[in-house]
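# the following block contains a protein sequence and its predicted model.
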Amino acid sequence: MTSFSAKRTSQGFPTGLAYLLASMCLLTVALVLLRSHLDIATPAFILLIPVVIGVVVGGFWVGVVGALLGFLAFDYLFIPPYYTLSVGALQNLVSLFVYVVVVVLVSTVVSRLKEAQLKAKTYGDDFYRLAQTSQALIGVSGLGPLLQRVTDSLANNFGYLSVAIFLPTESGLEINSLSGSPLTKEEISLVVPDRPRPASLFNLETQDQSKLNVLAMETLSHPVGLLVVKGGTGSPHEVELLKTFANSAALAIDQALLREKAKRTEELEELDNWRRALLGSVSHDLKTPLASIKASLSAMSELGDRLTPSERDELLETSELQTDRLNRLVSNLLDMARIEAGGFRADLQPTAVTEVVDSVISSRSSFKPDILFDIAKDLPLVLADFVLFHQALGNLLDNAMRAGSDGASIEITARQQGDWLTLFVSDSGRGVEKSSWESVFDLYEKGKSSQGSGLGLAIAKSFVLAQGGRIGIVDGLATGVTKLEGATFFISLRCYDPSNSGDLEATS
């Protein structure tokens, strides 16, 4: 960051003095050689040239030196008697006085014009860099990347040693972004002291004599944080420039904070809706097995010895089956909750579809419908988590059993479609309206012609997606998958390619 103090002038003083001496010597020699052909005023005007050159290059004080040298040269070489400092006539004294006044005035005017030019150029350069820095904040998404972009752009464009942003937390102000060298404990204590202090402090002296500027980042309504800059000159112009940038950055940061807050609020609302839907679905799905178990136990308790052995066995079997159903439901809910919370990772392994189908059928020995199979023996293995695949397919079969009447048929069909293997489960119920094909997998959603809540289908969807698969409904009759007129659900999983070892590595 540049300034307009005497420091800039002093840096150009030697160069300006050199230009002054060289040009004055050359012009003086030339004027002495032509002295007999010139009147007394001509050398005075010509000797202004070295002074102007010196002022332009080195500043006002070079002009003062030039005025002194020009005075001596004019008096000594061009005012009779020559080669003395005496003035022979009053007219010559007036000429000498006018020369000095004109030289001083010219030096002052040229110096101020030069300083104004330098200020204008520096102001333009600084505000151009400020515009570049502010432009860099556009289009940055996320609070963390935005804060880092603020500090990086300010440090890179203006060359500061350190740039840091402090934002308020529950425990106080903390550094959220830093570019350049880290701040020392002493410097941090200057920014966040134990005692109250004004929000903005300028030109704080650090242990290494660097300037530390602390600026409040504020919007029109409230403060956002602190911008801390180490290095620079600490000039008023620099401070004003930093204030402008701090306020601009504050608006961008405040908008990012609002977006983060809105995102968290939206996530909490979605989570709350999911929990309420889950609670409604669970309470609905728990009623049927609990009611069956209670009814069976109550019958055995009330009737006692009046029950025949076959009746008692039937009641016990009903209680056992409904208990298994409850156990599967609770297990599914726990796995689903872990998946939704991001704490569960599917263990994808090469899996035979027929093994999963056989396992599901054997675990549901109470199925009353006839199950038809259309599964080729030479189908490739799929990448699946056996437990999740088993539970998802089981839920589709449970749904198909509820959708059809007693004795209705269920058909399981498998088809390879490119790199995917799709398993279809078709029932002979009244189907699902096409407008509900997507929503039927949502919690507590059901097709108008189906029985029960959408908990089983929602769990199946969660398990299939966790394996990188797809789940949905198709028109089984139109696609030639089945001849049953009910709903046709499908699960698609990617085929396992033994030649591609990256399939398993990507899932480990």
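Here it is on my side, so go on.
# buried stuff in stretch 491-504?
The neighbour-count check on stretch 491-504 (16 or more other CB atoms under 10 Å) flags 491-496, 503 as buried. (Glycine included, C-beta is placed from N, CA and C.)
# and these, which is closest to K114?
The nearest member of the buried residues of stretch 491-504 to K114, counting by CB to CB, is D503 at 72.8 Å.
# so which one among the buried residues of stretch 491-504 has the lowest pLDDT?
Taken together, those show their lowest pLDDT at D503, with 58.
# helices or strands up against whichever helix or strand S301 is part of?
Element membership of S301, judged by DSSP states H and E, is helix 236-303. Contacts defined by 3 or more CB pairs under 8 Å, 6 or more residues apart in numbering; DSSP states H and E place helix 236-303 against helix 90-135, helix 143-158, strand 211-218, strand 223-230, helix 309-340, helix 455-466.
# quick one, strands of the stretch 351-500 of the chain?
With strands called from DSSP state E, counting those that start in this stretch, the stretch 351-500 of the chain shows them at 370-374, 382-384, 409-417, 420-427, 470-474, 488-494.
# can I get the longest one in PDB, CA atoms only?
The C-alpha trace of strand 409-417 is given here as PDB (Å, rounded to 0.1, in the frame of the first residue of the first chain):
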ATOM      1  CA  SER A 409     -50.100 -64.800  -7.100                       C
ATOM      2  CA  ILE A 410     -46.700 -63.100  -6.800                       C
ATOM      3  CA  GLU A 411     -44.100 -63.200  -9.600                       C
ATOM      4  CA  ILE A 412     -40.400 -62.600  -9.200                       C
ATOM      5  CA  THR A 413     -38.500 -61.900 -12.400                       C
ATOM      6  CA  ALA A 414     -34.900 -61.000 -13.100                       C
ATOM      7  CA  ARG A 415     -33.500 -59.300 -16.200                       C
ATOM      8  CA  GLN A 416     -30.000 -58.200 -17.100                       C
ATOM      9  CA  GLN A 417     -30.000 -54.700 -18.700                       C
END
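# D442 and I412: what is the separation?
25 Å (CB to CB, to the nearest Å).
# buried residues in stretch 415-425, which are they?
Neighbour-count burial for stretch 415-425, counted by 16+ other CB under 10 Å, picks out 415, 421-425.
# what's the end-to-end length of that stretch?
Taking CA to CA, to the nearest Å, the first and last residues of stretch 415-425 lie 12 Å apart.
# residues contacting P380?
By CB atoms under 8 Å, 6 or more residues apart in numbering, the contact set of P380 is 416, 421, 495-496.
# state the pair within the residues you listed that is farthest apart.
Spatially, the most separated pair among the contacts of P380 is Q416 and Y496, at 11.9 Å (CB to CB).
# using the three-state scheme, assign V163.
Secondary structure, DSSP: H, G, I helix; E, B strand; the rest coil: V163 is strand.
# revised request: answer the last question for L178.
What three-state DSSP gives for L178 is strand.
# pLDDT and distance to L85 for the buried residues of stretch 415-425 - can I get that in JSON lines?
Shown next, in JSON lines, are the buried residues of stretch 415-425 (pLDDT from 0 to 100; distance: CB to CB, whole Å):
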{"residue": "R415", "pLDDT": "92", "distance to L85": "115"}
{"residue": "L421", "pLDDT": "95", "distance to L85": "111"}
{"residue": "T422", "pLDDT": "94", "distance to L85": "112"}
{"residue": "L423", "pLDDT": "94", "distance to L85": "115"}
{"residue": "F424", "pLDDT": "94", "distance to L85": "117"}
{"residue": "V425", "pLDDT": "93", "distance to L85": "118"}
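# what distance do you get for E433 to S426?
Counting by CB to CB, the gap from E433 to S426 is 16 Å.
# the two: which is more packed in?
Taking other CB atoms under 10 Å, E433 and S426 do not tie; S426 has more neighbours (27 against 12).
# close enough to count as contact, that one and G476?
Yes - proximity of S426 to G476 meets the contact threshold set by CB atoms under 8 Å, at 4.8 Å.
# overlap in contacts, these two.
Here S426 and G476 have 482, 484, 486-488 as joint contacts, going by CB under 8 Å, 6+ apart.
# out of these, which comes closest to T265?
Closest to T265, out of all of the shared contacts of S426 and G476 and judged by CB to CB, is A487, at 37.2 Å.
# how does this structure divide into domains?
Using automatic domain parsing, the domain parsing of the chain gives 6-132, 140-264, 279-340, 349-505.
# will you turn these into JSON lines that also has distance to D272?
As requested, the domains of the chain are arranged in JSON lines below (distance: least, CB to CB, whole Å):
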{"stretch": "domain 6-132", "distance to D272": "44"}
{"stretch": "domain 140-264", "distance to D272": "12"}
{"stretch": "domain 279-340", "distance to D272": "11"}
{"stretch": "domain 349-505", "distance to D272": "13"}
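# now, of the ones you listed, which is deepest in the fold?
Greatest average neighbour count among these goes to domain 349-505 (a mean of 18), per mean count of other CB atoms under 10 Å.
# off-centre distance for that one?
Taking CA atoms, centre = their mean, to the nearest Å, one finds domain 349-505 lying 39 Å from the centre of the chain it belongs to.
# same question, stretch 61-76
For stretch 61-76, the distance to the chain centre is 64 Å (CA atoms, centre = their mean).
# just the mean pLDDT for that stretch, thanks.
84.
# next: stretch 361-373.
73.
# quick check: end-to-end length of that stretch?
Counting by CA to CA, you get 11 Å between the two ends of stretch 361-373.
# from the centroid of this protein, which residue is nearest?
G142 (2.6 Å; CA atoms, centre = their mean).
# contacting residues for the spatially closest residue to that one that is not a sequence neighbour?
Spatially, and ignoring its direct neighbours in sequence, G142 is nearest to A256 (7.1 Å; CB to CB, 6 or more residues apart in numbering). Residues near A256 by CB under 8 Å, 6+ apart: 142-143, 146.
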